[in-house]
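Participant: what follows is a protein structure lacking sequence information:
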RNA sequence: GGCCUUAUCGUCUAUCGGUUAGGACAUUGCCUUUUCAAGGCAAGAAGCCGGGUUCGACUCCCGGUAAGGUCACCA
């Protein structure tokens, strides 16, 4: 295989800016990037913007932003734009006309907008065989393609012609694209031969699929197909890269968490799967959580503070205490934003309004039980110096009393009076985070309810 | 419909003729000083079907079946 690879590998990523950056496309870009980085080649960026009606600069920006966000470090400064190469296409069309590999064809106009004259390729109608790095040898009979159209006029090339010319002009040696490109390849090879362009090496990647195994589509998955959605939801780019890479590829080891560098190092295009992979949201969430856990503390702190500060005011000390607890409970920073909005973590910052019925442990029936236990807790806590208000210390002091009273009967009321919620961190954690004064105040409020 | 491609736990996958078919996500159960979360441990869960080839097939070949893709004066 290696001897088939030329000295200098040039691959390309050629999106058409007619929609928001699709995650399937992002994966294609990533695989191209891995491949070129691994083999010391270059990846070139090209905008296929010949469709003037559908192409928008905001889409192009979205694609570039997304690529940069993912960490694809290539040259974006002056992308090759199809719209700027009209003369080049014209030149090749003229060459083809001259060497008789193409001809001007009179057409019957059936629909509005159709040309009476178009340029068609003179199809030799042979079988074309080519090597695909993922699928092996592919053979296609091009006869059924007929003399397909390559341009509407001298100045209006059709996609296939434009692609072949662009790849030739850009010196592309390797084309790694989606599996739908398989059907374009024979046409493009025919055009290459007509203009005497060398044939690049191909690799066609399988799709990322919907639950029903159809091609991942906006219609079925909505905004979930846009890379920018994940960015807005606070997913980490590293998680996205890792997840997308493992859609249809894996290093063949048990290692799942891999950095960009490791991915590049281990990437092997021959190991890319031939069949499509269903987009697994849960696994993505898992990846993201793994990456959140690996975040440096100051980054984590910054991210959490950004969400928290929208609603609460707090001391730096409190923030530090809360980081671990919040981190354990979220998969994405978008979730944190949602939790903040819903008041999930209100109890760290605001005194709750506990409900009487919630304060009592489910096995107890008489409200005097939690009341007496809480009274007892107040008495114990009041004697603990502020400096000793650590989780471990509190546990060692309160646990004997809780065991005597019945753990649930005492621990549950403490927790609920501090958090006001059915679900929250354990009482000792809460106590130590809130501190002596605030804890005492909350417990007394609860006692007054009973 | 023609053509092309694909086919291992629910999902992503390992295996490249001989394995108790491995891992991860998800699920379920247990433990972690009785709510959550996190963590730990454990369990259940797969070779589409039918023929060959072979001493031996998930692995190779053929045929079904199923799924997907593709058949533009779009890119």
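Facilitator: Thanks, I have the structure now. Values in this document were obtained by computation on a predicted structure and should not be read as measured data.

Participant: return the residues of the stretch 201-350 of chain A in contact with RNA strand B.
Facilitator: Within the stretch 201-350 of chain A, the positions lying close to RNA strand B (CB under 7 Å from any atom of the strand) are A:206-207, A:209, A:212-215, A:246-248, A:250, A:252, A:254, A:256, A:271, A:273-278, A:280, A:282-283, A:285-286, A:328-329. The C-beta positions use only the backbone N, C-alpha and C, and glycine is treated the same way.

Participant: give me the neighbour count for residue A:306.
Facilitator: Around residue A:306 there are 13 other residues, counting by other CB atoms under 10 Å.

Participant: next, it: phi, psi?
Facilitator: Backbone geometry at residue A:306, expressed as degrees, to the nearest 10, gives phi -60, psi -40.

Participant: same check on residue A:36?
Facilitator: Main-chain dihedrals, residue A:36, degrees, to the nearest 10: phi -70, psi -40.

Participant: do you know how far it is from RNA strand B?
Facilitator: According to CB to the nearest atom of the strand, to the nearest Å, residue A:36 stands 22 Å off from RNA strand B.

Participant: how about low-confidence regions in chain A?
Facilitator: By pLDDT under 70, the low-scoring segments of chain A are A:1-7.

Participant: which helix runs longest in it?
Facilitator: Longest helix in chain A by number of residues, with DSSP state H as the criterion: helix A:427-449.

Participant: how far does it sit from its chain's centre?
Facilitator: Its chain's C-alpha centre and that of helix A:427-449 lie 41 Å apart, by CA atoms, centre = their mean, to the nearest Å.

Participant: and that helix, what does it pack onto?
Facilitator: Counting contacts by 3 or more CB pairs under 8 Å, 6 or more residues apart in numbering; DSSP states H and E, helix A:427-449 is packed against helix A:316-329, helix A:356-359, helix A:368-382, helix A:391-405, helix A:407-419.

Participant: contacts only, for residue A:420.
Facilitator: Residue A:420 makes contacts with A:346-347, A:352-355, A:358, as judged by CB atoms under 8 Å, 6 or more residues apart in numbering.

Participant: dump those into JSON lines; add neighbour count and distance to residue A:188 as well.
Facilitator: Putting those into JSON lines (neighbours: other CB atoms under 10 Å; distance: CB to CB, whole Å) gives the following:
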{"residue": "A:346", "neighbour count": "17", "distance to residue A:188": "60"}
{"residue": "A:347", "neighbour count": "21", "distance to residue A:188": "62"}
{"residue": "A:352", "neighbour count": "18", "distance to residue A:188": "66"}
{"residue": "A:353", "neighbour count": "9", "distance to residue A:188": "69"}
{"residue": "A:354", "neighbour count": "22", "distance to residue A:188": "70"}
{"residue": "A:355", "neighbour count": "13", "distance to residue A:188": "69"}
{"residue": "A:358", "neighbour count": "16", "distance to residue A:188": "68"}
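
Participant: need the residues you listed in TSV (columns: distance to residue A:136 and secondary structure).
Facilitator: Converted to TSV, the contacts of residue A:420 look like this (distance: CB to CB, whole Å; DSSP: H, G, I helix; E, B strand; the rest coil):
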residue	distance to residue A:136	secondary structure
A:346	59	helix
A:347	60	helix
A:352	64	coil
A:353	68	coil
A:354	67	coil
A:355	67	coil
A:358	64	helix
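
Participant: okay if I get these as JSON lines plus distance to residue A:426?
Facilitator: Formatted as JSON lines, the contacts of residue A:420 follow (distance: CB to CB, whole Å):
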{"residue": "A:346", "distance to residue A:426": "17"}
{"residue": "A:347", "distance to residue A:426": "13"}
{"residue": "A:352", "distance to residue A:426": "16"}
{"residue": "A:353", "distance to residue A:426": "21"}
{"residue": "A:354", "distance to residue A:426": "17"}
{"residue": "A:355", "distance to residue A:426": "20"}
{"residue": "A:358", "distance to residue A:426": "16"}
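
Participant: surely residue A:430 is in contact with residue A:421?
Facilitator: No - applying CB atoms under 8 Å, one finds residue A:430 not in contact with residue A:421, separated by 10.3 Å.

Participant: okay, these two: which has more neighbours?
Facilitator: residue A:430 (23 against 18).

Participant: against residue A:391, how distant is that one?
Facilitator: 9 Å (CB to CB, to the nearest Å).

Participant: same check, this time on residue A:377
Facilitator: For residue A:377, the distance to residue A:391 equals 15 Å [CB to CB].

Participant: more neighbours, those two?
Facilitator: It is residue A:377, of residue A:377 and residue A:391, that has more neighbours when counted by other CB under 10 Å, with 26 against 16.

Participant: what's the local residue count around the residue of the stretch 301-450 of chain A found nearest RNA strand B?
Facilitator: Nearest residue of the stretch 301-450 of chain A to RNA strand B: residue A:407, at 2.6 Å (CB to the nearest atom of the strand). By other CB under 10 Å, 13 other residues sit near residue A:407.
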